[in-house]
Each structure stands twice: as C-alpha cells, then as structure tokens.
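Asks: Okay, here's the prediction I keep looking at, along with the sequence it came from:
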Amino acid sequence: MSPQRQKAIRQRLGVLQDMPESARNQHLNDPNFTRGMSEEDKAMLRDLSHMHVGAPDPPNE
C-alpha cells in the first residue's frame, strides 16, 4: 500500500477512534468523510475502525 493511502487511512482512524459506534458508522457512511478513497480503502477503514486499531488501550482498573 502506498504511503499516501496509509496516511489517509491512519488520519481517518484517528478521527474515529474515540467515537461511539453510532457516530463512527455515521462517519463511515458519509461520502465527504471517505472522499477520494477507493472502495478497497473504505472497506479496510471500516474493518479497522471496528477492530479499534489505533485506539488507546483501556485503562487498567
């Protein structure tokens, strides 16, 4: 994957990481949020966002 594609996905994951599921899905379905991304990249973003990749670890209690 090209560095540009990686950066685009990482940036969007950063936006999504702390959102509740409903807000995350709303962003993923917003054409403005995924503008310029291929269908493959959109699918990868969706998969990674639901796996919470890049999200901070939950605090230990």
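Replies: Noted; the coordinates are in hand.

Asks: Over to Thr34. Which of the three states is it?
Replies: coil (DSSP: H, G, I helix; E, B strand; the rest coil).

Asks: what do you get for Met37?
Replies: coil.

Asks: my read: Tyr19 touches Asn25, true?
Replies: Careful, residue 19 is Met; it's not Tyr. No - the pair Met19 / Asn25 is not scored as a contact, 9.1 Å apart, by CB atoms under 8 Å. Where C-beta positions appear, they are placed from N, C-alpha and C, glycine not excepted.

Asks: Which pLDDT value belongs to the residue most central in space within the chain?
Replies: Centroid-nearest residue in the chain: Leu13, 3.2 Å away (criterion: CA atoms, centre = their mean). Model confidence at Leu13, given as pLDDT, is 91.

Asks: Just after the one helix or strand it maps to, pick out the following helix or strand.
Replies: Using DSSP states H and E, Leu13 sits within helix 3-16. Counting by DSSP H and E, the next helix or strand C-terminal to helix 3-16 is helix 21-28.
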